[in-house]
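In: Structure, please.
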Amino acid sequence: MISWGEDCRNGFGLVKPGGLDTTKTDISCVNLIHLKSKIQALSAGNSVVAFIRNNGRLVSVARIQEDLDGRRFTGKLKSVTCKERIRALSCGDSHAVLLSEEGRVLCLDKANILSPLGNLCNRQVTQVACGDQHSILLTQDGQVFTWGQNTSGQLGLGWGEPRDMSMSPKPLKSLSGIPLVQITAGGDHSFALSLSGAVFGWGKNTAGQLGLGDTTNRCAPAPVVCLNLKKTVLISCGGEHTAVLTKGGVVFTFGSGHYGQLGHNSLRDELRPRVVGQLCGSKVTQIACGRHHTLAFVGPSNKMYSFGRGEQGQLGNGVKIDQSVPLPVQLPDQIDDQKIEHIFAGGNHSFALCSLGQESEERPNNLRSSVGKVTQQAIDEEIIDKWISECDSKSWKKGQKEITKMFSSASCLNGSFLDKSCDKHYQTSPKQSGLDYSLVQGAFRKLAKKGKVLTEVEAVVQHTLLRSLYEEPIGVEGLRVYLVLPELLRVLHKQHRRTDLTEAVAAAILRLHPDKLQVLGDCWSSLKPSVMTKHIGVWKKALSGILRNEHILRTRDTGIKHLLQVLGHLHRANQKSVETQTVPDSTFCMEEVHFNPIFLEEDVKLWRLWSKQDVDQTPAIFCRYPFLMNLQSKINVFNINAALTKNPPNNRQRTGMWPFDMFLVAAPAPFFELRLNRASLIEDTFHQLSVAYHSTFKRSLVVYFDEDVKLTDVYKRDFFLHLFDKLLVPESGMFMYNDTNTLAWFPAMPRVEEKHYFLFGVLCGMALYNNNMVHLPFPMAFFKKLVNINPSLEDLREFSPIEAGSLQYILDYPDDDVENMDMTFSVMWGDVAVELDPKETGKLVTSANKKEFVDTYVNYIFNQSVEVVFEEFRKGFFKVCDKDVVEFFQPEELRGVMVGKENFDWETLKQNTVYEGEYHAGHPNIVTFWEVFEELTEDQKKAFLLFLTGCDRVPILGMNQIMMRVQTLLNSSQQHFPEALTCHSLLQLPIYPSKETLQSRLIEAVGHNRGFKNE
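Out: Residues are numbered from 1 along each chain as shown. Got it, this is the predicted structure:
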């Protein structure tokens, strides 16, 4: 052993006869001590030095005392006999804490009396550390306990904890679940280090020794953000300073620099971690802090450096003066054939334990690996293989204990399955969980091979782990468990096990503090789409299984609500993902779950009733999670909501006079009436809408033509068909069109009054509200904006392929050549010259801003240029339809519901046809009709569909939604034409004597325009 510093000349009584060699200088020396017996470990405080000897069987203690003149000297070495082997110890100012091989903690007081530490519930302890007047320990299951003085918050338990001495250890809950590899303390401050290099500090900070950028004391662990991603592997604390070592051998120091102990060639305090520049290039493998000095050991060269206070010779540099830069320690020549294994510093002392070269090869040569070995427990393939291969009862009992120990510990799960390729887990952040998901999936796949192992894991997680999870873990590492457990749930679902654990994990996620739940959401946002899809599938499968198999009463219980809420958080996280990471919204949809319309009506009512209440205070309401519903359910919800709006619950009347008017029944719903002339369809419509009260737009629409008072849905369908045909031709002047005149868009410079766009919005809303498909030749951007989704370059590609192609060309063009294109942010759109960046006229497009140019251009086309007119349209549309219900739909769904689709399945139409009266499928006239129909051109078939239903497109849910009825036309002859009631999809077909007659009459009938003339 080598020692130097305060009163160390006599070798602390550890020297065998003639075993003390000194390298003398004028006023100090470094001592090479040939030991009586081997020392396994040691620790030094301000007034005590302790050694572990004889393979842990003996602890020797030397106390620093003062004579009458106040001079300090080292007292006689005293031995403390221990019943258990001691493997680690730590010294405070005058006390020490010992750790036995069995994981028990013993406290040594000033009188050298040992006493066991209580209140640990038989937990095994893996590390201990002492500050001046406080102590810390780390248990095998990852829990941190603190006790002692709390004057500066050094216990990390908050300011509510008494500041005087507390000898009862208390758990530091905020570090619960973090996979810690080191705890340390010094003076009145404390630190913890995680497996992935996260650093947490608390306690006294008057000199910046916590590295947080200020001098405010902390009463709870705070992450040292400046050290994120630095791959920290070791921390050492002095009296009021701290040193940190990275995996790359870089040293950071911060805190008090009064004696130069930071090594920055300055006596200034540092409030944030700063690299010790003069050690750069020397791959440091160990660091140690004394009270006011610092040691750094470079393993490959067997050299040691020191800096800071030197008054007691603790720097080992031959002079008793302070130094503010690292200089080599003057080690004895006699150690050339030995290897320094570990360095220690404490109080005003410095030590190094040495071994012969052969011995050093057999043991790790730095403290980092031993720290990791003591505390790191992880689930891996090797241990799982052992569990699933064990057969006899003795082996299985041992396996059960291991399963319980590992799966009941959040820190164990959080420290398992790490992505160690290129040290990626050191980059842990909300955007990088540090997990290797292939390891997670592989592990649980293996566990599933043996049923009783999986059952044991399931039970431990449900009954022990989940109950132990803390609601406010610090950092991402404490949240990994929520990213790992879904894989366990997935293998359980594959074996068709109950969903109890899934519901329990959902409840645990929701117990997280909102801020931590937000961080977990950020982690979800960063998942690869393949992993995100599996996460979604876990919760979706559990929910759909309950809905399909369980009693209907379960649909409102807490378990269901928790599953819904987790899926809601996942959905929001997915929406925040970068575009390349987002999974399709359809991934969330439970296509296999068909909600009963009666249940949906109840759900809509609950949704409206509880709309302003916090989710936690309401039952499970599915309308809050429309992304889970299939399209049929969304349409049903829209129609139910419309029906309730048209005829609200308070619209009730009595059945008769008292005492017989005991029951309330729905009063007839009021209508919104339009009385129109076919010849002036647009003018009459706009006028009557303009003078109507907006509140009446939500009533059922009734249309009368040319003073005909007959009430029929036929007129309503004709109205929408012909009105939209007239509004959406270029001659109307309301819209601009693409180069092929196939798609319309709102103009940058409108030629009609703005109120026309408001009225057009009302009409579109009325069409949707009254279940009428209409002709809306707009790009997907139109429907995206209605559901509050921003259009993209892909939407411009639909409207103007040439324009979009040019923009894509700019994005794909080599960066070095973009400037040669000589393009600016000045563009033409809709025959109008536009400066996309008004602050900088003629701004050049460069490689650095080309994406900005494209995004700004697309935004101008779909948003900025049409802001006024589209806002008018939107206002009108949502005067009729409820915005929150419209937003149930995805853009492509909304387009399909409003416009229909063009995949015409004529065979399905034939198969679904119902025959009435004397007609049946084999009737000669029916057989002839289908022969004629099959010979029609595609356009003639579409015309027939228009004739039959009032629309020439197919409902979005398919041709199955059209149930054609066919009956004979009463009192008809072969001279009569077929007739249709569009509101009922009813074809009234006369009986014709020949195929030719039927064909002639049918073709002429479908070409009839119901009294409207095409210009």
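In: Enumerate every residue touching the residue nearest to Val880 when sequence neighbours are not counted.
Out: Sequence neighbours aside, Gly765 is the residue nearest to Val880 in space, at 3.0 Å (criterion: CB to CB, 6 or more residues apart in numbering). (Glycine included, C-beta is placed from N, CA and C.) With contact taken as CB atoms under 8 Å, 6 or more residues apart in numbering, Gly765 is in contact with 697, 876-881.
In: If we use 10 Å, what do you get?
Out: Counting by CB atoms under 10 Å, 6 or more residues apart in numbering, Gly765 touches 697-698, 786, 873-874, 876-882, 886, 898.
In: Also Pro891?
Out: Pro891 makes contact with 585, 780-787, 789, 791, 795, according to CB under 10 Å, 6+ apart.
In: Report the buried residues of the one helix or strand Ser355 maps to.
Out: Assigned by DSSP states H and E, Ser355 belongs to strand 349-356. Neighbour counts over strand 349-356 (16 or more other CB atoms under 10 Å) mark 349-355 as buried.
In: which residues of the stretch 701-850 of the chain score low on pLDDT?
Out: Flagging of the stretch 701-850 of the chain using pLDDT under 70 yields the residue ranges 709-713.
In: Ok, the stretch 51-200 of the chain next?
Out: By pLDDT under 70, the low-scoring segments of the stretch 51-200 of the chain are 163-165.
In: residue ranges for the strands of it, please.
Out: Along the stretch 51-200 of the chain, the segments classed as strands by DSSP state E, counting those that start in this stretch run 58-66, 72-74, 78-81, 86-91, 96-100, 105-108, 114-116, 125-130, 134-139, 144-148, 166-171, 180-186, 189-194, 199-203.
In: got the ones you listed as CSV, with distance to Thr685 and mean neighbour count columns?
Out: Listed next are those as CSV, based on distance: least, CB to CB, whole Å; neighbours: other CB atoms under 10 Å:
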stretch, distance to Thr685, mean neighbour count
strand 58-66, 97, 18
strand 72-74, 101, 15
strand 78-81, 99, 13
strand 86-91, 86, 23
strand 96-100, 87, 25
strand 105-108, 86, 21
strand 114-116, 90, 13
strand 125-130, 80, 24
strand 134-139, 77, 26
strand 144-148, 73, 24
strand 166-171, 72, 16
strand 180-186, 72, 26
strand 189-194, 68, 28
strand 199-203, 68, 27
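In: Save these as TSV, and put in distance to Lys36 too.
Out: TSV is the format used below for those (distance: least, CB to CB, whole Å):
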stretch	distance to Lys36
strand 58-66	10
strand 72-74	17
strand 78-81	11
strand 86-91	18
strand 96-100	20
strand 105-108	21
strand 114-116	22
strand 125-130	26
strand 134-139	29
strand 144-148	33
strand 166-171	34
strand 180-186	30
strand 189-194	35
strand 199-203	38
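In: out of the ones you listed, nearest to His535?
Out: Counting by CB to CB, His535 lies closest to strand 189-194 out of those; the figure is 23.8 Å.
In: helices or strands up against the closest one?
Out: strand 125-130, strand 134-139, strand 144-148, strand 180-186, strand 199-203, strand 218-223, strand 232-237, strand 241-246 (3 or more CB pairs under 10 Å, 6 or more residues apart in numbering; DSSP states H and E).
In: so where is the chain shaky, pLDDT-wise?
Out: Scanning the chain for pLDDT under 70 picks out the ranges 16-28, 163-165, 357-376, 550-554, 579-580, 648-669, 709-713, 1009-1015.
In: Find the residue at the geometric middle of it.
Out: By CA atoms, centre = their mean, the mean C-alpha position of the chain lies nearest to Gly521, the distance being 2.2 Å.
In: Which residues are in contact with Gln312?
Out: 4-8, 28, 72, 290-293, 320, 347-350.
In: Confirm that it lies within a helix, as I assumed.
Out: No. Counting by DSSP: H, G, I helix; E, B strand; the rest coil, Gln312 is not found in a helix; it is coil.
In: Neighbour-wise, which one of the contacts of Gly765 leads?
Out: Neighbour counts for these, by other CB atoms under 10 Å, peak at Leu786, which reaches 27 neighbours.
In: any chance you could map the strands in the stretch 651-800 of the chain?
Out: 652-654, 664-666, 671-676, 700-705, 736-737, 744-745.
In: Single out the most deeply packed of those.
Out: Of the strands of the stretch 651-800 of the chain, the one with the most neighbours on average (mean count of other CB atoms under 10 Å) is strand 744-745, at a mean of 22.
In: List of residues touching that strand?
Out: Applying CB under 10 Å, 6+ apart, the external contacts of strand 744-745 come out as 727-730, 732, 734-738, 776-779, 781-782, 799-800, 830, 861-862, 865-866, 870.
In: Name the next helix or strand downstream of the lengthiest helix in the chain, please.
Out: Counting residues, the longest helix in the chain under DSSP state H turns out to be helix 529-549. For helix 529-549, the following helix or strand on the C-terminal side (DSSP H and E) is helix 558-576.
In: does Ile343 belong to a helix or a strand, and which?
Out: Per DSSP H and E: Ile343 is located in strand 338-346.
In: Likewise for Ile33?
Out: Of the helices and strands defined by DSSP H and E, Ile33 is found in strand 29-35.
In: so what strands line up beside that strand?
Out: With DSSP bridges as the test, strand 29-35 is paired with strand 2-5 (antiparallel), strand 15-24 (antiparallel).
In: Put the alpha carbons of the shortest one into PDB.
Out: Put plainly, it is strand 2-5. Extracted as PDB, the C-alpha positions of strand 2-5 are listed here (Å, rounded to 0.1, in the frame of the first residue of the first chain):
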ATOM      1  CA  ILE A   2       1.100   3.500  -0.700                       C
ATOM      2  CA  SER A   3      -0.100   6.400   1.600                       C
ATOM      3  CA  TRP A   4       0.600  10.100   1.800                       C
ATOM      4  CA  GLY A   5      -1.000  13.000   3.600                       C
END
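In: for that strand, the distance to its chain's centre please.
Out: On the basis of CA atoms, centre = their mean, to the nearest Å, strand 2-5 sits 52 Å off its chain's mean C-alpha point.
In: So which bits of it are buried?
Out: Those would be 2-5, for strand 2-5 by 16+ other CB under 10 Å.
In: And stretch 597-612, by the same measure?
Out: By 16+ other CB under 10 Å, the buried positions in stretch 597-612 come out as 600-601, 603-608, 610.
In: Show me what it is in contact with.
Out: With CB under 10 Å, 6+ apart as the test, stretch 597-612 has contacts from 547, 552, 555-556, 595-596, 617-624, 629, 632-634, 636-641, 643-645, 648-649, 882, 884-885.
In: thinking again about what came up before, okay, and which of the contacts of Pro891 map to helices?
Out: Taking DSSP H, the ones among the contacts of Pro891 that sit in helices are 780-786, 795.
In: out of those, what pair is the most spread apart?
Out: Farthest apart among those by CB to CB are Leu786 and Asp795. That separation is 13.0 Å.
In: Report the contact partners of the residue nearest to Arg1001 when sequence neighbours are not counted.
Out: Nearest residue to Arg1001, sequence neighbours excluded (CB to CB, 6+ apart): Phe977, at 5.1 Å. With contacts defined as CB under 10 Å, 6+ apart, the neighbours of Phe977 are 969, 988-990, 1000-1006, 1008.
In: Go through these and flag which are in helices.
Out: Cross-referencing the contacts of Phe977 against helices under DSSP H gives 1000-1006.
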